[in-house]
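# Based on what follows, work out the 3D shape:
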Amino acid sequence: MEIFLQTLDFGVCDAVLNGSYIPMVMLVEGATPKTFHQWTPDENKQAQYDVRAQNAILSTVTLNELYKISRCKSAKETWDTLEVTHKEMNEVKRARKNTLAQE
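Residues are numbered from 1 along each chain as shown. Below is the predicted model of the structure:
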C-alpha cells in the first residue's frame, strides 16, 4: 500500500506513516492549533495530504472494513486500525486451520 500512496504523492504516504499535519501557532502558554482561516497556503497543502490519503484508503476498503474505520479521524489512525484488523483476522484464520488440522 505504501507504494500506491507514494504514487499519489510522498506527502500522502507521509500522512499515513507519521500522522496528519496540524498547523500550530505559538502562544505564551504553548502551541495551539490554528483556526482554518489562519492557515497559510502551504499549511493548507500539507493538511490536504491527510485528506487525500484517507480518500485513497476509503476507496479500497470493503463495507465491513468501512464500518470499523468510520470513526477514525486521520489517515494514520485509519491505517493503524486496518492493520490491527487484518492481523487479527490472519491470526484467527491460522488458528482455525490448526484446529481443523488437529481434528
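# The longest helix seen in the chain: which residues count as buried?
Taking DSSP state H as the criterion, the chain has its longest helix at helix 75-102. For helix 75-102, a neighbour-count test (16 or more other C-beta atoms under 10 Å) marks 75-79, 81-82 as buried. Every C-beta, even on glycine, is put in place using the N, C-alpha and C of the backbone.
# Same check on stretch 51-63?
52-54, 56-57.
# Show me what the mean pLDDT comes to for it.
Mean per-residue pLDDT for stretch 51-63: 89.
# Going forward, the N-terminal residue is numbered 171.
OK, 171 is where the count begins now, so the last one is stretch 221-233.
# Give me the nearest residue to Trp209, chain neighbours excluded.
Excluding its sequence neighbours, the residue lying closest to Trp209 (C-beta to C-beta, 6 or more residues apart in numbering) is Pro193, at 5.2 Å.
# quick one: contacts for that neighbour?
203-204, 208-210, 213, 216-217 (C-beta atoms under 8 Å, 6 or more residues apart in numbering).
# quick one: the strands in this structure?
Taking DSSP state E, the strands of the chain run over residues 194-197, 200-203.
# Reformat those strands as CSV; add distance to Gln272, mean pLDDT and mean neighbour count.
Shown next, in CSV, are the strands of the chain (distance: least, C-beta to C-beta, whole Å; pLDDT from 0 to 100; neighbours: other C-beta atoms under 10 Å):
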stretch, distance to Gln272, mean pLDDT, mean neighbour count
strand 194-197, 55, 89, 10
strand 200-203, 54, 90, 9
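# could I get the ones you listed as a markdown table with distance to Leu187?
Converted to a markdown table, the strands of the chain look like this (distance: least, C-beta to C-beta, whole Å):
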| stretch | distance to Leu187 |
| --- | --- |
| strand 194-197 | 20 |
| strand 200-203 | 21 |
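# Between the ones you listed, which one is closest to Val231.
Nearest of the strands of the chain to Val231, taken as C-beta to C-beta: strand 200-203 at 28.2 Å.
# which residues are in contact with that closest one?
192-195.
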